[in-house]
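>>> Sequence first, then the predicted structure, then my questions.
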Amino acid sequence: MRQPVRYEGYGPGAAVVLIDCRTDDRDRSRALVRRTLAEHGGYLGAEGSVAYLFDRVGLLRYPAGADLHGLTQAALSAGAEDVIGTSRAVEVLTDPEDFQAVRAQLMRQGWTPSSAEVTERAAVGAPVSGEAAQRMVRLLEALADLDDVWNVYSNVEISDEVLARI
């Protein structure tokens, strides 16, 4: 039977990662995660070494062109905690326990998100560029490709310009 297990680690450029796995062999999964981190310039951390840098949140994403003012008013009225507009999207953050209610209220008002989930969100980002950014992207892809890996979370921040070059 596959059991959940979480590993915490460090990547290139001072970025951190949380790796959620579902496995029937914790030792095998730990070895695979450790090796993958090492191959990409990172290392496995101790339990609790990284998790404190993340908050569990409800996250609803809307396209960057969404009406930020209107969505902010609707989201806050529905019980959301925050609304953040970026160049890539508008993000509505909720307490995980309020996520379903906020989502349902916004959808009733015609605000259908492009994605919606309860997830881990980094409290503090780690801007990374150059070779470290390239290595971090390859690390995240390699971790996601492992059979036992369910989710990978990171605090890495890579600019659109750098991502376009990668």
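In hand now; what should we look at?

>>> pretty sure residue 93 is in a helix, no?
No - assignment of residue 93 by DSSP: H, G, I helix; E, B strand; the rest coil gives strand, placing it outside any helix.

>>> Skip the chain neighbours and tell me the closest residue to it.
Nearest non-adjacent residue to residue 93, counting by C-beta to C-beta, 6 or more residues apart in numbering: residue 82, 4.5 Å away. C-beta: built from backbone N, CA, C; applies to glycine.

>>> And the next helix or strand past the lengthiest helix in the chain?
If you go by DSSP state H, the chain has its longest helix at helix 130-145. Sequence order places strand 149-154 as the next helix or strand after helix 130-145, per DSSP states H and E.

>>> Sheet-wise, list the partners of that next one with their directions.
Under the criterion DSSP bridges, strand 149-154 sits next to strand 16-23 (antiparallel) in its sheet.

>>> the helices in the protein, which residues?
26-39, 68-78, 99-108, 130-145, 160-165.

>>> quick one on the thing from earlier: summarise which helices and strands the longest helix of the chain is packed against.
With contacts defined as 3 or more C-beta pairs under 8 Å, 6 or more residues apart in numbering; DSSP states H and E, helix 130-145 has these neighbours: strand 16-23, helix 26-39, strand 149-154, strand 156-157, helix 160-165.

>>> neighbours around residue 47, how many?
Neighbour count for residue 47, taken as other C-beta atoms under 10 Å: 9.

>>> residue contacts, it?
Contact partners of residue 47, counting by C-beta atoms under 8 Å, 6 or more residues apart in numbering, are residue 8.

>>> What is the burial count for residue 3?
11.

>>> next one: residue 38
Residue 38 has 12 nearby residues by other C-beta under 10 Å.

>>> so where's this structure shaky on pLDDT?
Along the chain, the model assigns pLDDT under 70 to no residue.

>>> Can you tell me the centre-most residue of it?
The centroid of the chain falls nearest to residue 153 when counting by C-alpha atoms, centre = their mean (4.1 Å).
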